[in-house]
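Undergrad: quick one, what's the 3D model for this:
(2 chains)
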Amino acid sequence: MISGAEIMVKCLQEEGVKVLFGYPGAVICPFFDELYHTDIKAILVRQEQNAAHCASGYARAISGVGVCVATSGPGALNLITGIATAYMDSIPLVCITGQVRSDVLGRDVFQEADITGACESFVKHSYLVKNTADLPRVFKEAFHIASTGRPGPVLIDVPVDVQTGTIEEFVYPEKVNIIGYKPSVHGHPMQIKRALEMIKTSKRPVICAGGGVLTSGSKPKFREFIEKTGIPVVSTMMGIGIMPSDDPQYVGMLGSHGMKAANITVHNADLVILCGARVGDRAVASPDQVVEHANVIHIDIDPAEIGKNMKTSIPIVGDMKNVLSQLLKDVDYTTPDEWKAQVSEWKKEYAPVPQKFEGYVEPKSFISSLSGMVKPKAIMCADVGQNQIWCANNYRIKDGRFFTSGGMGTMGYSVPAAVGAKIARPNRDVIAVCGDGSFQMSMNELATIAAEGINVKIIVMRNTVLGMVHELQDVHYGSRYAITELSTVPDFVKLAQAYGIDSAMAYSNEEAEKYAAEMLKSDKPFVLVCNVHPNTTSR
Amino acid sequence: MKYTLSVLVENHPGVLSKVSGLFSRRAFNIDSLAVGITEDPNISRMTIVADGDEYVIEQLEKQLNKVIPVIKVRTYTEGEYISRELSLIKVSCPAKQRLDIMKIAELMGAQIVDVSVNTMTLQFADTLERFETLTDLLKPYGIREIVRTGTVAIEKDSTLSRK
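TA: As a prediction, the model looks like this:
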């Protein structure tokens, strides 16, 4: 005989899960009790939302599935923002929630919430398990669905009696068979041929690379393709890291908060090749304008993304790695030199200009110098707000990664994401950059960091305002700062010290760089607080 | 324009809410949705009548395909399918109007399934257009209540074999 809880743990072992992030509660106790006897590490976070963000950072860092676990009711509900954040950025998660006994479901008992119902519109799939015997199949399917096709979060809600119930023996299914789920992996040969013909006739092509290039593990193939063709590259925020920022072929991030040169390039192109990018409104504000003068080839694993936001001339549905290989086989194209020269001219002309305020750290140039100090494979976790834009446009990425909440824009993402990333990649530098607003949304995780001794480096851009909206109010609301002034900002240095975490405060770029060097040398977590002028703009 | 979509789904609890949730989440307008088990008890068919242009219907089809328990989505084009809707129509009907309404029912091929002192209930299974004709004819007598199942549709084999 084997219990449901034991089956759940065995399923995780079968899937090779080494770490999960969670928070306990009565109806998930059977599961955690079984987990107690195994070598799967359970990290106790300080709020469930952060368990999902940790799992997200972990998943991105290992290029696999992240797992988070919470109890029923409030525990599950707290997960929601984290699940939705992962959904918007196509991050593979398996989220396990405890649920009240199946025979009292629907009676509003203590800590009951319809979590599968609540998460319906932002999970890739969800299960409410009614029988212990279904658990192996459900787990097998969940991991498969989360990690294949366009990745995303899958929720498994397990009533406590399903965890305590028993079956005769545990057999983990070898294969999944979901008749309605067969993501296409290869691009249609006809569309590949048409795409190659279209590329051939283009005089001003540009590639817009999104998160899909990274998620699919296509970086080397992508490199090969752009080297062979010489096509200039812009990226979305999710696509940062597809190539080094200093590569001459890379123009920068596009969009309303991106680099002017990147936008100008897209608006002057005659061919836009979208690679794993969903043309979000923040990336391309007016897709109709772009298609007026450019053809669009859209490569994506999710057919629903093609044509959703931008009219497409040639749709190619498939896994980016395969599609790029297919294109590489027959591509015979070199980008005209005039176009390349024009693009690099724009890049020079519209380079960002730092602002100086005496007694303050200038965040853009600091982020830029920080990139030279970290190890090449460092993982940078940017939060949401002005700090995100400072990082996106000024962090000179090499061979590392850039994690942020791109689609949902969830404040408080960076610290827990960094925790997950560091656990996944202990040998890499992992840095979280946040504002004083976003830091206060997840600074409770300092306890997790201290308790587990997680060597993450947190940089808090302290400008005493909710900068992004503050800036918006300057532009659109006559500088009426309705509830964007933080007034009382705690002494973050003392706060970090209260958790036993080293910390320092910098008032100039020289100081910030000095502390950053110390911080990166240390093998302990560190909170570096940078005093930033509230009028520093995001771009 | 109205489109009729035929959607095969796994016959599991919760599938209907996954599909209907999609409509509100993606702001699709649907006129009707009818669900029933198919010849295979593991599979249900949903017939959806939706309003929108080509872009909307293409998106609807693609988004439906992303729902894991959705097996197959077909959008029927004019002339290749037969559609029917079952409706029950309760009409005000004092004794002196009974014959009039019976005439209309006979003319339209509706069945009278209930008669009371002041009302008459008609059962009608036909296309949307014919339903509208019938209700137009009944309106002057006072329609008290209409219950409709939503359209169900099936592919026509006859046109296929003629092709």
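Undergrad: helices and strands around the longest helix along chain B, which ones?
TA: Ranked by number of residues, the top helix in chain B under DSSP state H is helix B:54-66. Using 3 or more CB pairs under 8 Å, 6 or more residues apart in numbering or on different chains; DSSP states H and E, the elements in contact with helix B:54-66 are strand B:2-10, helix B:15-25, strand B:43-51, strand B:70-76. Bear in mind the C-beta positions are built from the backbone N, C-alpha and C, glycine included.
Undergrad: lowest average confidence across the ones you listed, which one?
TA: Of all the helices and strands packed on helix B:54-66, mean pLDDT reaches its minimum on helix B:15-25 (a mean of 89).
Undergrad: off-centre distance for that one?
TA: Centre-to-centre, helix B:15-25 and its host chain are 18 Å apart (CA atoms, centre = their mean, to the nearest Å).
Undergrad: so that helix versus strand B:2-10, what angle?
TA: 140 degrees (axes from the mean of the first three to the mean of the last three CA atoms, to 10 degrees).
Undergrad: where does residue A:289 land on pLDDT?
TA: The model reports residue A:289 with a pLDDT of 89.
Undergrad: ugh, wrong one, residue B:159
TA: Note for residue B:159: predicted pLDDT of 66.
Undergrad: same deal with residue A:476?
TA: So, for residue A:476, pLDDT stands at 96.
Undergrad: quick check: it vs residue A:482, distance?
TA: 12 Å (CB to CB, to the nearest Å).
Undergrad: try residue A:77
TA: Distance from residue A:77 to residue A:482, by CB to CB: 28 Å.
Undergrad: and these two? Which one has more around it.
TA: Comparing residue A:77 with residue A:482 by other CB atoms under 10 Å in any protein chain shown, the one with more neighbours is residue A:77, at 18 against 9.
Undergrad: how about the nearest residue to that one, chain neighbours excluded?
TA: The spatial neighbour of residue A:77 that comes closest, neighbours along the chain excluded (CB to CB, 6 or more residues apart in numbering or on different chains), is residue A:113 at 5.5 Å.
Undergrad: okay, and residue A:504 sits in which element?
TA: strand A:502-506 (DSSP states H and E).
Undergrad: buried residues in the lowest-mean-pLDDT helix or strand in chain A, which are they?
TA: Least confident element among the helices and strands of chain A, by mean pLDDT, DSSP states H and E: helix A:287-293 (a mean of 89). Residues of helix A:287-293 classed as buried: A:287, A:290 (neighbour count, 16 or more other CB atoms under 10 Å in any protein chain shown).
Undergrad: circling back to that earlier point, what about the strand holding residue A:504, distance to the chain center?
TA: Centroid displacement of strand A:502-506 relative to its chain, using CA atoms, centre = their mean, is 27 Å.
Undergrad: who touches it?
TA: A:361, A:462, A:492-493, A:495-497, A:512, A:514-515, A:518-519, A:522, A:524-531 (CB atoms under 8 Å, 6 or more residues apart in numbering or on different chains).
Undergrad: can you list the strands that it pairs with?
TA: If you go by DSSP bridges, strand A:502-506 pairs up with strand A:526-531 (parallel).
Undergrad: just the CA trace of the partner strand, in CSV.
TA: Extracted in CSV, the C-alpha atoms of strand A:526-531 (Å, rounded to 0.1, in the frame of the first residue of the first chain):
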residue,chain,number,x,y,z
PHE,A,526,24.6,41.6,0.8
VAL,A,527,22.2,44.5,0.6
LEU,A,528,23.6,47.5,-1.2
VAL,A,529,21.4,50.6,-0.9
CYS,A,530,22.0,53.3,-3.5
ASN,A,531,20.7,56.8,-2.7
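Undergrad: which residues touch the closest residue to residue A:506 other than its chain neighbours?
TA: Distances taken as CB to CB, 6+ apart place residue A:512 nearest to residue A:506, at 3.8 Å, with adjacent residues excluded. Each residue near residue A:512 by CB under 8 Å, 6+ apart is listed here: A:361, A:366, A:506, A:528, A:530.
Undergrad: so how far is chain B from residue A:512?
TA: 44 Å (CB to the nearest CB, to the nearest Å).
Undergrad: so that residue is in which element?
TA: Using DSSP H and E, the element containing residue A:512 is helix A:509-521.
Undergrad: and residue A:388, by the same measure?
TA: Counting by DSSP H and E, the element that carries residue A:388 is helix A:386-394.
Undergrad: now that helix: mean pLDDT?
TA: Helix A:386-394 comes out with an average pLDDT of 96.
Undergrad: send me it as CSV with only the CA atoms.
TA: Output of helix A:386-394 as CSV, limited to C-alpha atoms (Å, rounded to 0.1, in the frame of the first residue of the first chain):
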residue,chain,number,x,y,z
GLN,A,386,12.3,52.5,-13.1
ASN,A,387,15.0,50.0,-11.8
GLN,A,388,13.8,47.5,-14.5
ILE,A,389,14.3,50.0,-17.3
TRP,A,390,17.6,51.1,-15.9
CYS,A,391,18.8,47.5,-15.9
ALA,A,392,17.2,46.6,-19.2
ASN,A,393,18.9,49.4,-21.1
ASN,A,394,22.2,49.7,-19.2
